[in-house]
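A.B. asks: Predicted coordinates and the sequence they were generated for:
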Amino acid sequence: MASYAALLSLYHTLNHINKHPSPPISLDPEQLQSLTQNLTFFQDFLERHSCSGEDDDDVLESRIAGAAYAAEDLIETHIVDQIHHARSTVDLYGGLETVIQDMDLIKREVMEIIQEEMKGSQHSYVQPYSSVPTASVGPASAGQSSTTAVFDDVLINKVLDKLTGQQRGLQIIPIVGMGGIGKTTLARYVYTKPLIHRHFDIRAWVTISQEYSRGSILQLLFQEINGSNHDLSEDELGVKLYQHLCSRRFLIVMDDMWSIDAYDKVKSFFPNNNNGSRIMITTRLSNLAFKLSDSHVLQMQFLDMDKSWDLLCEIVFGKLDCPSELEKIGKEIARNCRGLPLSITVIGGLLKKSKGGRAHWEYTLQNLNSLINLEDGEYCLQILRTSYKELPIHLKPCFLYMGVFPEDMEIKVSHLIKLWVSEGILKPNDEKSLEEVAKVYLNELIDRNLILVAKVSWTGEANICKIHDLLRDVCLREAQNQKFLCIVRQQNHQNILQGINMQRRICIDRGNTNEGEYSQEFLHHVVESASLTRSLLHFMPDYWNRDTPSTLRLGLLRVYSSLNKYKSVFANSDDAIFEHANLRYLSLSLGLDTVSRLSSLFSLLWNVETLVVVSLGLSTPIIALEIWKMPLLRHVMFRLCKFVVSDPPDGGHYFVLENLQTLSGILNFKFSEDVIKRVPNIKKLKVAYEKELPDLCLNNLGRLQKLEYLHLSAFFYGGDKEFMRRNLVSFPHSLKKLILCGTNLSWEDLTIRIGSLPLLQVLKLERNSCVGPKWETVEGKFFNLRVLSISYCFDLESWDMDNTHFPRLEHLRLTCLTKLEIPSSIGDIPTLKSIQVKYCSKSVNDSAKRIKEEQEENGNEDLQVMIVFI
C-alpha cells in the first residue's frame, strides 16, 4: 500500500509542475515522459494484481516506493533551492537518470511476475476486487447496521425501563462489554428515540475516551445543553451547567469511560433533583461499572447464531434473501465472527462490496478459519485487519490516514477531505475534482462500515465522522508497519528518534500529556531531525506554542496541520514559514502585525492548495493581492481577521484561479467583471461588507454559476440600510445553502429573489437579514427547501402561508423572535420533521406547543418540537 501512496504522491508532484502556468522549475521532457510511463505501469500493476503477503512482495513494493520517494526528494529539493535562489544541493538531471534506471529494472522484474501469474492463474484463485471508485452511495449514513438486527426488544425495553422508570432519585446506568460489542450503538439508539425526547427536558452526550480532562468534559456538556461555547473557567462552566440542570429532568450519556476518575471530577455538577434524571455510561471495564452502580449494570452479551446471521444478511443483502448457494458458507462466516457485532458489520461490508460470488465467500471463510485459536480481543483485531487487507488499494491510504486522529475524535469531513487532497493520496479522475473523488472514497469506506458517521448535515450528508477504537488500532499497526505514518506519543517518544529522518508523515499525539512530560527541546529535535517529512500534524497542548524557536525549518514539508483550534507551531516563526516552499496545506495562527507584514510573501508558496489564516487582531483590514499569483489554490479561509481581496492588477503574473473552490472571511469583496472571470469554479463564498462602496458590483453575484454556498453579511452601522436591498438583485441558480445577515431585504424581496432558486435546500436568515412585520409566502416558491432558520428578525409579527408553500421543508428553526406567532399550517407540511424554538417570546413558544398538540390529535406523533427557554 505504501508503494501505491508513494506513486500517487509523485504523480501529483509532477502534475503540479506540469500544470502550473509559471512553475519554479522545468523538467527534462524525456525524463518526465519516462517517469510518467513508469508511474502508470506500477499503478496499474498494484491495482490489478493482488499481493500474496509474501516477503518478496514486501521487498518489491518497498523498492517501488523507494524509487518514487527518491525522485520526489530530488525534484522538491531542487524546487526549494530555486525558489530561495540558493545553490542547488542536488544534481537533478543525473539523479533522475539514476532513478529512472532503477525503475526500469524493477519494471522488468514486475513483468516477469505478471507473466508467471498469467501462467498460474488457471490453477489458483486470485482475490477479485474493483480498483475503480464506484459512484457515490447516496446518503452518507448508508451502510450503518440496523440496531433492530443487533439487539432484541427485550434488551431495548430493559434500557428504556431503567431510563423512564419510577425511581425519582438520580440513577446511574452503566452499559458494559468488550470493544465492538455494541455499547455505543445501543446507547445511541435509545438516546434518539422519541419516547426519550419527550421524557427528558435536557439530553446531552459526551465521549470521554482514555484521554480526557475535567475542563473538556464540562465544555462539551455545556455546549450540548446550551448550544454555545463560552470562554469560561472550569468552575464557571460547572456552575453554569449545574444551574441549567437544576429543576429539570435530564439524561446525560458519558460514552467510552475508562476511569472512574472521569466521573468523579464532574459528578458534583449533576444535581439530584429527585425527578427521574439519569446518567448512562458505556465502558469496557466491569469493575468500573459496578463501582458506579451495583444494581443497574447492563452487561452486553455476544449475539447468538441466529442474531449473527440476521445481522450479516441485513448488511450484505438488505431486504433481499440470501442466495441459497451462499447460505451454508455464510452461516459459517457468521459463526466465526463469534457474535461480535463490529466484526460482523465489517465483514458484511466487505462481502457486500465483493464481486467474486461464492469463491470470494469461501476465500473470506478460509481467512477467518486461520484465526480460530486467537483470544477474543486479538481475534477481533485480526478480523478487522482482514477487512483492511481486502480493501481495493485506492482506499487503503485514506483508511490508514484515519490513524492520525486521536481516539474517539469527531472529525470534520470537510477538513478530512482537504487533508486527503493535499497529501496526494487520491487517484485523479478526469470527470471529478479531487474533492469529489475524496467524497466517493469516504462513502465507500462508510459503506464498508470502516468509518462511522457521527453527525449528518441538515441535507443528510456526512458532516462529522469518526473511527471505532479497534479499527483505529488496525490503522496504527498497519500504518507504522508500512512506514506510512509515524505516531509520536508519550509511550514511545524516547525511542522514536531511530529512523525518524526517513519518515514521510509524523503525527505528535497529545496522549495524556501534561506540561513537562514532553520537553519542548525533545519535540523540536524530533521535528528538525525529520528532514524528509512531508506532513506534520500535532495535537499538542497550548504550552507547546510558547517560545517556539524561529529556526524551525522543514524544507520539504507539504502538509502542516495543528488540530488544536487556532494553534500553530509557526505561531512565533514569522517568515520561517516561507522556507517551506512546497507546502500544500497550511494553517497559520499569527498576530495581526505579522499577518499584515507577511501577506505579500504568500505567493512564495507556489504549491499551496489550502491556506487558513487566523489572527486575533480585528482592527485593521489587510490587503492581500498575492492570492492572484497562486494558481493552485483550492481553499482560502481567513478567520478572526479582516482580509480585503482587491481586483487583480493588469499584467504581471496574475492568473485565473481555476482550482479555487472556497473563499471565506473576505471583507468588501468586489464582484467585478475581472474577478468573476478569475474564479469560475468557486463553490463556497463567505463575505462581509462594512462600507457602501459604489463599485462592489453585487449585481454580478448571479454570474457565479457554480456557487453552492453563500454566507453574506452586512454591517452598515448608521449607513444606508437600503444599499443591499437595491444591489442584491440576483443570486446564482446553483445555490444550495444561503446565509444572510444584515441585508435588510424586505420579505417580498426574499420570496421573489430567493424563493425561485431551484436547488436551494438550506436558508438561514440571521440578524436583520429581512425587515418588515409581515411575510406572505406563495405557492411555487422554495419548492426544494429542506431547512429554514430565522433568527433575530425582530420586526416579524405575522407569517401568512399554507402547507403547500414549502412542499419539502423538513426542519424549522426559530431563534430570538419576539412578536411572531407560528402559523398552524406549518405543522401540516407532510415532510416536516422538527420545529426548534430557542430564546423566543411566549407567543412563539405557545404557538409551537399548539402545533405539536394539533399534530398529535391528528395522529402525527413523529413531529419533534423542541423549545429552549430564555
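C.D. replies: In hand now; what should we look at?
A.B. asks: for residue 239, phi and psi?
C.D. replies: Here is the backbone geometry of residue 239 (degrees, to the nearest 10): phi -60, psi -50.
A.B. asks: er, residue 764 actually
C.D. replies: phi -120, psi 120.
A.B. asks: so what's it up against?
C.D. replies: 737-740, 787, 789, 791 (CB atoms under 8 Å, 6 or more residues apart in numbering). C-beta coordinates here come from the backbone N, C-alpha and C atoms, glycine included.
A.B. asks: can you do 6 Å?
C.D. replies: Residues in contact with residue 764, defined by CB atoms under 6 Å, 6 or more residues apart in numbering, are 739, 789.
A.B. asks: Quick check: it vs residue 754, distance?
C.D. replies: 12 Å (CB to CB, to the nearest Å).
A.B. asks: can you check residue 819 too?
C.D. replies: Residue 819 is 22 Å from residue 754, where distance means CB to CB.
A.B. asks: Neighbour count: those two, which is higher?
C.D. replies: Between residue 819 and residue 754, counted using other CB atoms under 10 Å, the more crowded position is residue 754 (22 against 15).
A.B. asks: where does that one fall, phi/psi-wise?
C.D. replies: Torsion angles, degrees, to the nearest 10, at residue 754: phi -110, psi -30.
A.B. asks: So for it, what's the pLDDT?
C.D. replies: Listed pLDDT for residue 754 reads 95.
A.B. asks: going forward can the numbers begin at 45, since that is how I track them
C.D. replies: Will do, 45 is the new start, and the previous item becomes residue 798.
A.B. asks: ok now do the spatially most central residue of the chain, which residues does it touch?
C.D. replies: Central residue of the chain (CA atoms, centre = their mean): residue 457, 1.9 Å from the mean position. Neighbouring residues of residue 457 by CB under 6 Å, 6+ apart: 506-507, 509.
A.B. asks: Quick check: closest non-adjacent residue to it.
C.D. replies: In space, not counting the residues next to it along the chain, residue 457 is nearest to residue 506; the distance is 5.2 Å by CB to CB, 6 or more residues apart in numbering.
A.B. asks: What residues are bridge-paired with the one you found?
C.D. replies: On the basis of DSSP bridges, residue 506 is bridged to residue 500.
A.B. asks: Isn't it up against residue 499?
C.D. replies: No: with contacts counted by CB atoms under 6 Å, residue 506 stays clear of residue 499, the gap being 7.9 Å.
A.B. asks: Please compute how far whatever helix or strand residue 266 lives in lies from its chain's middle.
C.D. replies: Using DSSP states H and E, residue 266 maps to helix 258-270. On the basis of CA atoms, centre = their mean, to the nearest Å, helix 258-270 sits 21 Å off its chain's mean C-alpha point.
A.B. asks: Could you pull out the buried residues of it?
C.D. replies: Going by neighbour count (16 or more other CB atoms under 10 Å), the buried part of helix 258-270 is 258-259, 261-266, 269.
A.B. asks: Other residues contacting it?
C.D. replies: Contacts for helix 258-270 (CB under 6 Å, 6+ apart): 246, 248, 250, 273, 278, 281-282, 285, 288, 309-310.
A.B. asks: Return the subset of those lying in helices.
C.D. replies: The members of the contacts of helix 258-270 that map onto helices under DSSP state H are 278, 281-282, 285, 288.
A.B. asks: Looking at neighbours, which among those is most surrounded?
C.D. replies: residue 285 leads the ones in helices among the contacts of helix 258-270 on contacts (other CB under 10 Å) with 24 neighbours.
A.B. asks: Please tell me I have it right and that residue contacts residue 313.
C.D. replies: Yes: the criterion here is CB under 6 Å, and residue 285 meets it with residue 313 at 4.9 Å.
A.B. asks: In the stretch 95-244 of the chain, where is pLDDT below threshold?
C.D. replies: 95-101, 130, 164-194 (pLDDT under 70).
A.B. asks: which helices and strands sit right next to the host helix or strand of residue 708?
C.D. replies: Take DSSP H and E as the rule and residue 708 turns out to sit in strand 706-711. Counting contacts by 3 or more CB pairs under 6 Å, 6 or more residues apart in numbering; DSSP states H and E, strand 706-711 packs against strand 679-683, strand 728-733.
A.B. asks: same thing but 8 Å
C.D. replies: Counting contacts by 3 or more CB pairs under 8 Å, 6 or more residues apart in numbering; DSSP states H and E, strand 706-711 packs against strand 679-683, strand 687-688, strand 728-733.
A.B. asks: how far is it from where the chain is centred?
C.D. replies: 20 Å.
A.B. asks: Residues contacting that strand, please?
C.D. replies: With CB under 8 Å, 6+ apart, strand 706-711 has contacts from 665, 678-683, 685-689, 713, 723, 726-734, 755.
A.B. asks: go on, stretch 822-839?
C.D. replies: Contacts of stretch 822-839 (CB under 8 Å, 6+ apart): 502-503, 795, 799-800, 802-817, 840, 848-863.
A.B. asks: how about that stretch: buried residues?
C.D. replies: In stretch 822-839, counting by 16+ other CB under 10 Å, buried: 825-827, 829-837, 839.
A.B. asks: Sort out which of these are in strands and list them.
C.D. replies: 831-835 (DSSP state E).
A.B. asks: Quickly name whichever of the contacts of helix 258-270 is closest to residue 766.
C.D. replies: Among the contacts of helix 258-270, residue 273 lies closest to residue 766 (CB to CB), at 35.1 Å.
A.B. asks: pLDDT at the closest one, what is it?
C.D. replies: So residue 273 comes in at 63 (pLDDT).
A.B. asks: Would you mind giving the contacts of helix 258-270 as a markdown table with distance to residue 82 added?
C.D. replies: Listed next are the contacts of helix 258-270 as a markdown table, based on distance: CB to CB, whole Å:
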| residue | distance to residue 82 |
| --- | --- |
| 246 | 61 |
| 248 | 55 |
| 250 | 51 |
| 273 | 51 |
| 278 | 57 |
| 281 | 58 |
| 282 | 61 |
| 285 | 60 |
| 288 | 63 |
| 309 | 57 |
| 310 | 58 |
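A.B. asks: quick one: which of these is nearest residue 901?
C.D. replies: Nearest to residue 901 among the contacts of helix 258-270, with distances taken as CB to CB, is residue 246, at 26.5 Å.
A.B. asks: Figure out the helix or strand that the residue of the chain most remote from its centre lives in.
C.D. replies: Here the chain reaches farthest from its C-alpha mean at residue 163, the gap being 45.0 Å by CA atoms, centre = their mean. Using DSSP H and E, residue 163 sits in helix 136-164.
A.B. asks: for that helix, packing partners?
C.D. replies: helix 73-92, helix 99-127.
A.B. asks: Would you mark the buried spots in the longest one?
C.D. replies: If you call a residue buried by 16+ other CB under 10 Å, then helix 99-127 has these buried ones: 104-105, 107-127.
A.B. asks: and the angle from it to helix 73-92?
C.D. replies: 140 degrees (axes from the mean of the first three to the mean of the last three CA atoms, to 10 degrees).
A.B. asks: quick one: helix 99-127 to helix 136-164, angle?
C.D. replies: 160 degrees.
A.B. asks: who does helix 99-127 touch, helix- and strand-wise?
C.D. replies: helix 46-63, helix 73-92, helix 136-164.
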